[in-house]
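J.: A predicted structure for the sequence below; I have some questions about it.
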Protein chains: 2
Amino acid sequence: MVSWKNLDELKSYEALQKDVTPVDLRLAMQGEAGAERVGKYFVPMAAGLSYHYAAKAVDDKVLECLKALAEEAQLSEKYQALYEGEVINTGEKRLVLHQLTRGQLGKDVLADGVNKRAFYVREQQKAADFAAKVHKGEITNAQGEKFTTVVQIGIGGSDLGPRAMYLALENWAKKNGCFRMAARFISNVDPDDAAAVLADIDLPRSLFILVSKSGTTLETLTNESFVKNALRAAGLDPARHMIAVTSETSPLARSSDYLAAFFMDDYIGGRYSSTSCVGGAVLSLAFGPDVFARFLNGAAEEDRLAAEKDPLLNPDMLDALIGVYERNVLGYSATAVLPYSQALSRFPAHLQQLDMESNGKSVNRFGGPVNYVTGPIIFGEPGTNGQHSFYQLLHQGTDVIPLQFVGFKNSQLGVDVDIQGSTSQQKLCANVVAQIMAFACGKDDDNPNKAFAGARPSSIIAGDTLTPEALGALLAHFENKVMFQGFLWNINSFDQEGVQLGKVLAKKVLAHQTDGALKAFSDLMGI
Amino acid sequence: MVSWKNLDELKSYEALQKDVTPVDLRLAMQGEAGAERVGKYFVPMAAGLSYHYAAKAVDDKVLECLKALAEEAQLSEKYQALYEGEVINTGEKRLVLHQLTRGQLGKDVLADGVNKRAFYVREQQKAADFAAKVHKGEITNAQGEKFTTVVQIGIGGSDLGPRAMYLALENWAKKNGCFRMAARFISNVDPDDAAAVLADIDLPRSLFILVSKSGTTLETLTNESFVKNALRAAGLDPARHMIAVTSETSPLARSSDYLAAFFMDDYIGGRYSSTSCVGGAVLSLAFGPDVFARFLNGAAEEDRLAAEKDPLLNPDMLDALIGVYERNVLGYSATAVLPYSQALSRFPAHLQQLDMESNGKSVNRFGGPVNYVTGPIIFGEPGTNGQHSFYQLLHQGTDVIPLQFVGFKNSQLGVDVDIQGSTSQQKLCANVVAQIMAFACGKDDDNPNKAFAGARPSSIIAGDTLTPEALGALLAHFENKVMFQGFLWNINSFDQEGVQLGKVLAKKVLAHQTDGALKAFSDLMGI
């Protein structure tokens, strides 16, 4: 039986605060000692990736304390409880089963009278079969023409994750002959979002995926109506152009308004749903079911690594532990996510939701207080673009911000140019390597304006090429990291009560049931 | 003569820390008192916008102290010194003249033997004339076909600002019959960036703008070669497809490799260059010179407002002062920028550069120490998308993060749908209003997991529609805010020495002049 305790009730956390001297990265990363750290401080991940933490402010002593913390906090046991179907989402009294969409690590999980792994596999197979029929031209528009574009209508987890994954694999798929259909996304309730997408696509040959677990998300239903109006105005039957991804109990599940419906359930939070049919339908349509299956395999392999008890062999757990050390002991308030890969341009936006919505909490999983900070701010942009933007503050600002780099040896498209003796891809890789060292070691200068304090910690996840498997592993790594951090902070990473109040007040505004400042602001905005 | 002092040398700053009781927003925004604050705490901006700070933790007493701080810090005098051509960029010993690209507030500024306002106007006119010829088909490709797409090649300030401005006006221009050419952007040295853009455009009908002030930016020159290779491979002459935006002294300025060259100079930093030819060429080509002129007018009008001495009548100065109060007195480490406008989807990324690269500094303008924190983290995504993502942490996380909302009464395209008694645009506006109040007042609940602490400050910039004028005003507002904050912190907001070390180390990596950890990481990445 696992025991849920607040972080500051753990002896090993006290030890981490009292017995550990923070490592001076500026010294530690110098010379051959620095090279030794690089050779020693890494953990293999799935799909050929590896997690490198030589430029984090840790040493063997810190790692020993973090290992003790992992044990005392029962991180492995809690993960097992989760994937074997305990009610880990205490706020909503739900199981947490997103790992089950890509593999099974423990005993069968039965809920709602079914084996949940079998349920997820069945829905994936339905989506795969549907996608195959669309690709073969067995499912077409009323004129018998093939669909060429798929448009996902969804918001939050139904948008950010699938969109980031699509962008991550779009060029890879084109290069590798797997590109089947272009995907677009409509998310914002701002009518200009839907209008712009609709104006830019070949409407008669577009297939829409409505994604809403409850079938009641106001933004999404509003955009569905927007799209249906456009289809009707073009003389098209919306029911021939639309599928649904929803829960079996939602009003959308058995509606004749959709060509097909693929099911998720309450055990998968929106931000963890990229490997469910929420990502599966759109990615299978865009790249074919085989590519989606490879993406799932990468995630499943990473999930298996996350079950390793020793954090020094478990990249997801170790990343989580170092993050808590930085957040709670060293006192850093944010983490920048910096992928040196244009394909990952929206991956930071997905992680922003995944992490901040999961762990931006002020009460523990039982509603009790927590006397320590929890989830940090997550932000980021692709390198090298970020270098010419906000890196100034990262290097010379007054706050230290830990950095999470991601980099690949090879580009996806393989088209390159040699300038001044190196390719673009080599320049890209040289830059990420250079940044790690610049942040860690800094530089003295007689001119204080040109001096770099250094001692700014970073880690890098490195790989050969961003393939579907690597992307799956990368996604699962961060999902698992966030989960382990939630366990450490003793919070519920799987609900999001913080989004409710705004919804309630917005309804009041629309119903004109306002007074005071709410009415005054409503008047200002002309509502 | 202005006097440059560190913030903590100012008596009014001491008063702000000692004599002021922070306002409890949770109480202040309740009932009729809250409505009174909304009616009272706002300042008109240019182009019909207004800055509302009722939901900031200020009252008359705080505002009085901030006003005293503005006076003692000589914010107006320093702004005047700047726009009249003093060497405000002390690090690089340069004038700071971006305001002069859109208007003239004070006496003539002479530098390099010319009147700088006349110089900027001349270059704008050259770009306008060039754009008009392209639109009329007087400048075409070798086949005599009109150019249909313009592609900007640049990074950092040559990319983020112009890209954000283009996206902000793309739909507006389509709606208002001003859309002339589609614009695309190549920035990252990742070869997949350029390759993907090139694969997606009609190359024979594309015009490229190479943007590099020095003419030596490695990423940009690399991407130029990438593009030229592609043009040649398609049997096209690069010199017929390329223009340059650069400084008059750069190697690109008089090269026959370009159809034309438009000039900027060292007095305009990259992140402040959207209103120079860096933004002017691409925006004039995309939307016509008249739209760009309207954009400049909005910015010029805001610049004039920024010259007002009383911060209560000066939205840019007041925003800056409140930000410093939040950062240095209340101790908040970040600001989230949340535009309720899909058109502003990349505006936060531009502000992230503008703010963090300008004010992420640890020494004062003379190289001396600063004993206080400077520029905050800036991040954000458009609402309502963010609501379904990271707002959880903003509402219920352990750190307070001040919020900067932006909203417009009307959409740009004017296509809308009525669902459950309201349009999408009304829902969008209702949401931003609801969020302001939810953040300010919070909500008690017997279930602590459903309780909201409130007291999370926000401001909103509100307007009717996002027009070119409004966009110009919005851009100038933040440029001026960042400038005033730099004056308050006594730092140089106009250099970026923090980007240098990474460049130096990347060159070493590419030259294989590495040892220790730098070599070990280089080996890891296969360089």
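T.: Great, that's in hand.
J.: can you give me the neighbour number for residue A:74?
T.: Around residue A:74 there are 17 other residues, counting by other C-beta atoms under 10 Å in any protein chain shown. (Each C-beta comes from the backbone N, C-alpha and C, glycine too.)
J.: for it, give me its contacts.
T.: A:2-3, A:487 (C-beta atoms under 8 Å, 6 or more residues apart in numbering or on different chains).
J.: please apply the same query to residue A:496.
T.: With contacts defined as C-beta under 8 Å, 6+ apart, residue A:496 is in contact with A:269, A:357, B:392.
J.: can you confirm residue A:502 is in a helix?
T.: Yes: assessed with DSSP: H, G, I helix; E, B strand; the rest coil, residue A:502 lies in a helix.
J.: can you pull the pLDDT of it?
T.: Predicted confidence (pLDDT) at residue A:502: the value is 96.
J.: isn't it up against residue B:394?
T.: No: with the criterion set as C-beta atoms under 8 Å, residue A:502 and residue B:394 do not qualify as a contacting pair; they are 9.9 Å apart.
J.: buried subset of the contacts of residue A:74 as a PyMOL selection?
T.: Typed into PyMOL, the next command selects the buried ones out of the contacts of residue A:74 (criterion: 16 or more other C-beta atoms under 10 Å in any protein chain shown):
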select buried, chain A and resi 2+487
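J.: can you put the contacts of residue A:74 in JSON lines and add secondary structure and pLDDT?
T.: Output for those, formatted as JSON lines (DSSP: H, G, I helix; E, B strand; the rest coil; pLDDT from 0 to 100):
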{"residue": "A:2", "secondary structure": "coil", "pLDDT": "95"}
{"residue": "A:3", "secondary structure": "coil", "pLDDT": "97"}
{"residue": "A:487", "secondary structure": "helix", "pLDDT": "98"}
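J.: out of the contacts of residue A:74, who's near chain B?
T.: Contacts with chain B within the contacts of residue A:74, counted by C-beta under 8 Å from any C-beta of the partner chain: none were found.
J.: same list (the contacts of residue A:74) but as CSV, adding distance to residue A:374.
T.: Listed next are the contacts of residue A:74 as CSV, based on distance: C-beta to C-beta, whole Å:
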residue, distance to residue A:374
A:2, 20
A:3, 19
A:487, 12
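J.: quick one: which of the contacts of residue A:74 is nearest chain B?
T.: Taking C-beta to the nearest C-beta as the measure, chain B lies nearest residue A:487 of the contacts of residue A:74, at 16.9 Å.
J.: run through the residues that contact the closest one.
T.: Applying C-beta under 8 Å, 6+ apart, we find residue A:487 in contact with A:73-75, A:78-79.
J.: try it again with 10 Å
T.: Contacts for residue A:487 were tallied using C-beta atoms under 10 Å, 6 or more residues apart in numbering or on different chains; they are A:2, A:4, A:7, A:70, A:73-79, A:81-82, A:88, A:317, A:320, A:324, A:365, A:493.
J.: with residue A:474 instead?
T.: With C-beta under 10 Å, 6+ apart, residue A:474 has these contacts: A:45-47, A:49, A:165, A:168, A:298-299, A:302, A:339, A:344, A:347, A:351, A:406, A:461, A:463, A:466.
J.: rerun that using 6 Å as the cut-off
T.: Residues near residue A:474 by C-beta atoms under 6 Å, 6 or more residues apart in numbering or on different chains: none.
J.: show me chain A divided up by domain.
T.: Per automatic domain parsing, the structural domains of chain A span A:99-295, A:499-527.
J.: need these in TSV (columns: mean neighbour count).
T.: Formatted as TSV, those follow (neighbours: other C-beta atoms under 10 Å in any protein chain shown):
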stretch	mean neighbour count
domain A:99-295	21
domain A:499-527	20
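J.: could you export these to TSV, including columns for distance to residue B:198?
T.: Shown next, in TSV, are those (distance: least, C-beta to C-beta, whole Å):
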stretch	distance to residue B:198
domain A:99-295	12
domain A:499-527	41
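J.: redo these as CSV? Include distance to chain B.
T.: Written out in CSV, the entries for these read as follows (distance: least, C-beta to the nearest C-beta, whole Å):
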stretch, distance to chain B
domain A:99-295, 3
domain A:499-527, 3
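J.: so which of the ones you listed comes closest to residue A:470?
T.: The closest approach between residue A:470 and any of these, judged by C-beta to C-beta, belongs to domain A:99-295 at 9.2 Å.
J.: return the helix or strand in chain A with minimum mean pLDDT.
T.: Across the helices and strands of chain A, mean confidence by mean pLDDT, DSSP states H and E is lowest for strand A:418-419: a mean of 92.
J.: closest one to residue B:222 among the domains of chain A?
T.: In this view, the domains of chain A are compared for proximity to residue B:222 by C-beta to C-beta, and domain A:99-295 is the closest at 18.2 Å.
J.: ok so, going back, so which of the domains of chain A comes closest to residue B:521?
T.: Taking C-beta to C-beta as the criterion, residue B:521 comes closest to domain A:99-295 out of those, the separation being 23.6 Å.
J.: first-to-last residue distance for that closest one?
T.: Distances were taken as C-alpha to C-alpha, to the nearest Å; on that basis the terminal residues of domain A:99-295 are 13 Å apart.
J.: over to stretch A:244-261?
T.: End-to-end distance for stretch A:244-261, by C-alpha to C-alpha: 5 Å.
J.: interface residues of the stretch 251-400 of chain A facing chain B?
T.: For the stretch 251-400 of chain A, the residues found near chain B under the criterion C-beta under 6 Å from any C-beta of the partner chain are A:333-334, A:342, A:352-353, A:356-357, A:360-363, A:367, A:373-375, A:377, A:379, A:384-385, A:388-390, A:392-393, A:395-399.
J.: switch to 7 Å and redo it
T.: A:333-334, A:340-343, A:349, A:352-353, A:356-357, A:360-363, A:367, A:373-375, A:377, A:379, A:381-382, A:384-385, A:387-393, A:395-399 (C-beta under 7 Å from any C-beta of the partner chain).
J.: I'd say residue A:120 and residue A:102 touch.
T.: No: taking contact to mean C-beta atoms under 7 Å, the distance of 8.4 Å between residue A:120 and residue A:102 leaves them out of contact.
J.: and residue A:422, bridged to which residues?
T.: Beta bridges link residue A:422 to residue A:419 when assigned by DSSP bridges.
J.: quick one, strands of the stretch 1-150 of chain A?
T.: With DSSP state E, counting those that start in this stretch, the ranges of strands along the stretch 1-150 of chain A come out as A:42-44, A:50-52, A:110-111, A:114-115, A:149-153.
J.: out of the ones you listed, nearest to residue A:442?
T.: Among the strands of the stretch 1-150 of chain A, strand A:50-52 sits nearest to residue A:442 (C-beta to C-beta), with 19.4 Å.
J.: what about the closest one, distance to the chain center?
T.: For strand A:50-52, the gap between its own C-alpha mean and the chain's C-alpha mean amounts to 18 Å (C-alpha atoms, centre = their mean, to the nearest Å).
J.: cool, and stretch A:311-328?
T.: Stretch A:311-328 has its average C-alpha position 17 Å from the chain's average C-alpha position, going by C-alpha atoms, centre = their mean.
J.: pick out the residue of the stretch 1-150 of chain A closest to chain B.
T.: The nearest approach of the stretch 1-150 of chain A to chain B comes at residue A:34, 3.2 Å away (C-beta to the nearest C-beta).
J.: OK, contacts around that residue?
T.: Applying C-beta atoms under 7 Å, 6 or more residues apart in numbering or on different chains, one finds that residue A:34 lies in contact with A:28, B:516-517.
J.: just put those residues in a markdown table and tack on pLDDT.
T.: What follows is these, written out as a markdown table (pLDDT from 0 to 100):
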| residue | pLDDT |
| --- | --- |
| A:28 | 98 |
| B:516 | 97 |
| B:517 | 97 |
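J.: which of those residues fall in helices?
T.: When the contacts of residue A:34 are checked against helices (DSSP state H), the matches are A:28, B:516-517.
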